[in-house]
Structures are given as C-alpha cells and as structure tokens.
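Q: A structural model of the following input is requested.
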Amino acid sequence: MPINDTNSSTQTLLTANSGLKTPYIQNWNTSLGRQISKGLTLDLRYVGSKGSRMYRAGNINENNIFESGILNAFEITDAGGNAPLFNQIFNGLNISGVGVVNGTTITGSQAVRTNSTLNAYLLANNVGGLANFIAYNTFVTGIRGGLIKNGGLAPNLIAANPQFGSVYYVSNDSNSTYNSGQVELNKRFANGFQLQAAYVRSKALGDYDGTSQQEIAAYYTDRNHHLDKRLLSYDRTNVITSSGVYDVPLGPGRKFLGSTHGVVARIVEKWQTAIIFNKFSGSPTTFTDSAGGTFNNTATATAVLNGPIPSGSVHFVGNNVEYFNNLTQTLSNPNLPSSLQSQNALFSVQNASGQTILQNPALGTLGGLGPTAYRGLGTYTFNAQASKSIVINKERNLTLKLRADAINLLNHPFFSTPSLNIDSTSFGLITSASGTRSVNLSVRVEF
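A: This is a model prediction of the structure:
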C-alpha cells in the first residue's frame, strides 16, 4: 500500500491471526465442610480458574527507537553533542527559533535542543514520543512523515506500517490464572442470632484483564510479551465479608424485661439489629513518572526502585493529607543540556537518609518496577441496621415496622491511593476521599 503523504492517514488497522482459536476458561474447586456444633458449620475451600488462549491485540506499529538510530541520536543530543541522524532528518529545513539546518553552523541537534516543540521531548526524556513525532507529524514539511522523507530515509524506519496510525494484530496470546483459599463460617438463625463470615486470600495473575471492549491493549513492548504479566486490576489479596442478625431479647417472655406488659411491653419488644462488615485489600498499582516514553510511544515506563518500596500511613501536614513518611523530591535529569536545566521537571525521591530510592527510568528502558508492584489503600465498610415491629392488629396480621439503616456508621473516611507519580508536585499526597455517613429512616405497614 502506498504511503499517504497527508495527515489524514491516521486510522487504526485491526487484523487477526488466520489461525485464531476460541478462548476457553477452566474452573476447579475442592471443599471440606464440618458441623462444629448444632447450627454452626465451617467450610474450607480452594477455588481456581485459568483463562487460556484469550484474545489480545498488540500494536505491531510500536515505535522503534533502537534499530532506527533515534535512541542514539537522542542521547547524543541530550549530552550536548550533534547527532548525524538529526542533521540528515532536519537538513535544509527552517526550524522556528533556530534557522535553516545545514549540519555545520546550525545542526539538527541544535534544532532539537532549541525549538520549543522539539525540546519538550528532551525535557521529558521522551525518546519514544520524539520518534513518533518524526514518523508521523507534519512539522515544517506540511506532510505526514515529511521529516523521514526529507532525510531520504526508509518510510518504515520508525513504524513498520507508517500508512496507519496503529496496527493491531489479534491473536490468542493472553492467559490468566486465579487461585484462592476460602474459609466460611455459618450459623443458622437460632436463639435470635444468625452469623455469616468469610475470608478469602487470592491472587489473580495475567497479562491483561480484558477491560477494553475490543481487547486492544498494546504490550509494553512486542520485543518481550512476558513483561506484561501482572496482578490483574481486580486482584484483592485479602477479602473479609461478614454479616449478622440479632433479635434483641427484650420484652414479654424474653431474657430481659420479660415481665413487662401493656405500653412498656409494646415499646421494648420486637427489636432486631443487623450489621455488615467488609474489608478489602487495595488494588494493584505502581510508581509512575512523567518520562514514560523512554522506550517507545505505546506504553508508560515505570519508575526505578533503588531500595525497599516505601511504606507509610495517612497523616495530616498543614492542609494536606500525606501518606509517605520523610520522603523528599529533588530535581533530577543530569543529562539535560545546561540550556534546558532551568525547565527541568523530572524528579528523584530520597528517604530521610538522603538515599535515592525512586528515580526516572534510563533512556531505552522500561523502568525497574512492574505495572503492579505496589498496592493501593484498602477499604472497609461497617453498616448497621435497627428495626422495631409494632403489632397493630393481631387478627388481621397488621404490623407497623420502623427501620433505621446507617451506612458507614463510624463516619470513617476512605482515602484514595496517594499520587504515585514521582515527577508530580502531588507525589505522596492523597487528593480525594469518600465515605460520608448516611442514615436512612423508613416506616412500613405489613399486612
């Protein structure tokens, strides 16, 4: 297919493996149950599943910064040198703020360092973004891919199929597993009391959790699909669920105030309470950065960890809600040319001893942390309910029921996961919360 020299050829191509197979899921479980006492049972279970041959569409138009020479030219330019490749790409072009590139008095690397559109990629260590810009943008030339053409280079130097924006190839490359151990305790309603409680410890692993309807999700890199194996977004290591119902033993014939009668009896009898308590581990996440294009332009590189993953707790500092303790950010982009240092916005993170524990990934790498190396803050719910039944007419089975439901009875705030972008001024800050208490009152007539 001929190359389209206009900026309209940015459509996505979706193609499938001719041998595409039907995905399948296998489930298995085993359980052991025992009655501990009358009405009280304990169940132990193992539950697992495996998704095989799941659909996954990777972008085979991943920007190539290696064999194309873009990475090497970027590093030379970043260090203040002059890259021959950039001389070739920008040769003869009149670059705003620089002049006409001739390779001697005005070089291509000078153009990249000086022009505000181009040097933004240096400021962010975004070599993948610059490669994508060179491959597709109409910058100066007015035609899509004009910079490649101006340098007399192969049209597919950076993108294998430059006539398209993205080229997704659907195949059966995705797999997932789920394994869990479960404990459940049940007490049937007797003597005015009922209880159900369960604990689940589990792990959900895979390379993709199918959150995109079209099953399109670029791999970190087509060079190594195994890098995508991660905890899936719905993974929760620990889950506790419990609920109970209790008939309050008050009123005639009950344990307390059993001798009451008349109006007093009607007031104290037929009270029932219930509670729900659930607790969940946080969702998987990771430390990110603003230098996400250090490898390609289809995925975000993670931060590099140089020590133990920092821990913390929710605490208030002035008007801010912070999570990490005694961490500081320091501007850090040592390779940036001196002319651009004042615009540097990349940081590293130090602990109380001054040791750098988190930093931006090096050019040509995807960082040192996996996509789910950290776990966000967990949540819990504690809800309660109280109800009172009043018999209006026993013969007609007419009853008035008063009920109060309290959601988040303790009015405990549920804080969001703190910002994990090490280059953000909000790093370590918790910027949102939920969990207001609400009480609902209702009156119902039953007949």
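Q: show me where the stretch 1-150 of the chain has strands.
A: Remark: strands assigned in the stretch 1-150 of the chain by DSSP state E, counting those that start in this stretch are 13-16, 24-37, 40-59, 94-95, 99-100.
Q: Asp228: which of these is closest?
A: strand 40-59 (8.9 Å; CB to CB). Any C-beta I mention is one placed from the backbone N, CA and C, and that applies to glycine too.
Q: list the contacts for Gly258?
A: Residues counted as contacts of Gly258 (CB atoms under 8 Å, 6 or more residues apart in numbering) are Gly251, Pro252.
Q: Using the three-state scheme, assign it.
A: Following DSSP: H, G, I helix; E, B strand; the rest coil, Gly258 is assigned to coil.
Q: so which of the strands of the stretch 1-150 of the chain comes closest to Thr177?
A: strand 40-59 (5.1 Å).
Q: out of the strands of the stretch 1-150 of the chain, nearest to Arg201?
A: For Arg201, the closest of those is strand 40-59, at 10.6 Å, according to CB to CB.
Q: What's the separation between Phe74 and Gln350?
A: Per CB to CB, to the nearest Å, Phe74 is found 27 Å from Gln350.
Q: Tell me which of the two has more neighbours.
A: Each of Phe74 and Gln350 had its neighbours counted (other CB atoms under 10 Å), and the higher figure belongs to Phe74 (28 against 19).
Q: hmm, who's touching stretch 371-383?
A: So stretch 371-383 is contacted by 220, 228, 230-231, 235, 237-238, 275-287, 302, 305, 309, 314, 323, 405-410, 412, 414-418, 420 (CB under 8 Å, 6+ apart).
Q: Mark out where each domain of the protein begins and ends.
A: Structurally, the chain divides into domains by automatic domain parsing as follows: 70-158, 282-446.
Q: weakest of those by average pLDDT?
A: Note on the domains of the chain: domain 282-446 shows the lowest mean pLDDT, a mean of 90.
Q: end to end, how far does it reach?
A: 42 Å (CA to CA, to the nearest Å).
Q: From the chain's centroid, how far away is that domain?
A: Mean C-alpha position of domain 282-446 versus that of the full chain (CA atoms, centre = their mean, to the nearest Å) differs by 11 Å.
Q: related to what we said a few turns ago, and the domains of the chain, which is most packed in?
A: domain 70-158 (a mean of 20; mean count of other CB atoms under 10 Å).
Q: what distance separates the start and the end of it?
A: End-to-end distance of domain 70-158 (CA to CA): 8 Å.
Q: likewise stretch 427-434?
A: Distance across stretch 427-434, first residue to last, is 20 Å (CA to CA).
Q: Run through who's touching that stretch.
A: With contacts defined as CB under 8 Å, 6+ apart, stretch 427-434 is touched by 312, 314, 320-324, 327, 329, 347, 349, 413-421.
Q: Quick check, central residue of this protein?
A: Thr285 (4.8 Å; CA atoms, centre = their mean).
Q: Dig out what that one forms beta bridges with.
A: Beta-bridge pairing of Thr285 under DSSP bridges involves Tyr374.
Q: which residues sit against stretch 95-114?
A: By CB under 8 Å, 6+ apart, the list of residues contacting stretch 95-114 reads 73, 76-77, 80-83, 85-94, 115-119, 121-122, 130, 140, 337, 339-340.
Q: Can I get that stretch as CSV, trimmed to CA atoms?
A: Extracted C-alpha coordinates of stretch 95-114, given in CSV (Å, rounded to 0.1, in the frame of the first residue of the first chain):
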residue,chain,number,x,y,z
ILE,A,95,13.2,25.5,12.2
SER,A,96,11.5,28.2,14.2
GLY,A,97,13.8,29.8,16.7
VAL,A,98,16.9,28.2,15.1
GLY,A,99,17.2,28.8,11.4
VAL,A,100,17.9,26.6,8.4
VAL,A,101,19.7,23.4,9.4
ASN,A,102,22.9,22.9,7.4
GLY,A,103,24.7,20.4,9.6
THR,A,104,27.6,22.7,10.4
THR,A,105,26.7,26.1,11.7
ILE,A,106,23.2,25.0,12.6
THR,A,107,22.8,21.3,13.3
GLY,A,108,19.8,19.1,13.7
SER,A,109,20.6,18.5,17.4
GLN,A,110,20.8,22.3,17.9
ALA,A,111,17.3,22.5,16.4
VAL,A,112,16.0,19.8,18.8
ARG,A,113,17.6,21.5,21.8
THR,A,114,16.3,25.0,20.9
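Q: Strands of the stretch 201-350 of the chain, residue ranges please.
A: According to DSSP E, counting those that start in this stretch, the stretch 201-350 of the chain carries its strands in the segments 230-231, 238-247, 271-280, 284-285, 304-305, 312-317, 320-324, 328-331, 347-350.
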